[in-house]
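Undergrad: Take a look and give me a structure for this.
(chains A and B)
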Amino acid sequence: QKEVEQDPGPLSVPEGAIVSLNCTYSNSAFQYFMWYRQYSRKGPELLMYTYSSGNKEDGRFTAQVDKSSKYISLFIRDSQPSDSATYLCAMSKNSNSGYALNFGKGTSLLVTP
Amino acid sequence: DGGITQSPKYLFRKEGQNVTLSCEQNLNHDAMYWYRQDPGQGLRLIYYSQIVNDFQKGDIAEGYSVSREKKESFPLTVTSAQKNPTAFYLCASSIGDLGSPLHFGNGTRLTVT
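TA: Next up is the predicted model:
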């Protein structure tokens, strides 16, 4: 079992829809959780960063962490065609090599006008 | 602007040739990382360096080599021993503390024929 699981999609939604992206993880040692957005042929860019369980909001984006269930989510409100990208969840634990991140495989999102 | 520069964007090589991918950062980050990204596989850690003149193997280091002679630079050499070198290579850096997010370059697409 991989440490971080993420449904690769693709996920297709109409413009204006609420999008829910999810990851599960198996190791309770993960403490820090991030979401990255990656456009085609570009590097991932940091979107959201959370440490504790609960919700964190930034504009149209909300990151949610449930450590008891080992489950993290990213919600996108009022989705736009420019949100079409691959979304990667990432997390870090103390034993990670050089504090590198463990990544999910990414979910491909398409927002249609 | 601070950031990470990877060059070239696209690289083509014949099988049996070694090739070096460049990565330079001006973020004054201590830690640098190389990841490989393949379709359906997510990001996999090749090598990382937490400080100048020191580097460690990641999960898939076989067939790769690195050097870290300067804080700003972390070149990756893909050797002829790498069985499946065609991939998208991403360089990243961070301040090097537990939980610190990674900042990525825009990648190098290597094609070996």
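Undergrad: do the helix or strand hosting A:T86 and chain B meet?
TA: Element membership of A:T86 [criterion: DSSP states H and E] is strand A:85-92. Yes: applying CB under 8 Å from any CB of the partner chain, one finds strand A:85-92 touching chain B at A:88, A:90, A:92. For the C-beta atoms, the positions are set from N, CA and C on the backbone; glycine is no exception.
Undergrad: Where is pLDDT lowest across those residues?
TA: When the residues of strand A:85-92 next to chain B are compared by pLDDT, A:S92 scores lowest at 92.
Undergrad: Output the contacting helices and strands for the strand holding A:T86.
TA: Where contact means 3 or more CB pairs under 8 Å, 6 or more residues apart in numbering or on different chains; DSSP states H and E, strand A:85-92 is packed against strand A:4-6, strand A:19-25, strand A:32-38, strand A:71-76, strand A:102-103, strand A:107-112.
Undergrad: circling back to that earlier point, closest one to chain B out of the residues of strand A:85-92 next to chain B, please.
TA: Taking CB to the nearest CB as the measure, chain B lies nearest A:S92 of the residues of strand A:85-92 next to chain B, at 5.4 Å.
Undergrad: gap between the closest residue to the closest one other than its chain neighbours and A:V13?
TA: Nearest non-adjacent residue to A:S92, counting by CB to CB, 6 or more residues apart in numbering or on different chains: A:Y32, 4.4 Å away. Counting by CB to CB, to the nearest Å, the gap from A:Y32 to A:V13 is 28 Å.
Undergrad: quick one, which of those two is more surrounded?
TA: More crowded of A:Y32 and A:V13, by other CB atoms under 10 Å in any protein chain shown: A:Y32, with 21 against 17.
Undergrad: thought that one was touching B:L98?
TA: Yes: between A:Y32 and B:L98 a contact is recorded at 7.4 Å, counting by CB atoms under 8 Å.
Undergrad: shared neighbours of those two, anything?
TA: A:S92 (CB atoms under 8 Å, 6 or more residues apart in numbering or on different chains).
Undergrad: Dump the helices and strands packed on strand A:85-92 to JSON lines, plus mean pLDDT and distance to A:T50.
TA: Output for these, formatted as JSON lines (pLDDT from 0 to 100; distance: least, CB to CB, whole Å):
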{"stretch": "strand A:4-6", "mean pLDDT": "94", "distance to A:T50": "15"}
{"stretch": "strand A:19-25", "mean pLDDT": "97", "distance to A:T50": "12"}
{"stretch": "strand A:32-38", "mean pLDDT": "96", "distance to A:T50": "5"}
{"stretch": "strand A:71-76", "mean pLDDT": "97", "distance to A:T50": "8"}
{"stretch": "strand A:102-103", "mean pLDDT": "93", "distance to A:T50": "15"}
{"stretch": "strand A:107-112", "mean pLDDT": "97", "distance to A:T50": "18"}
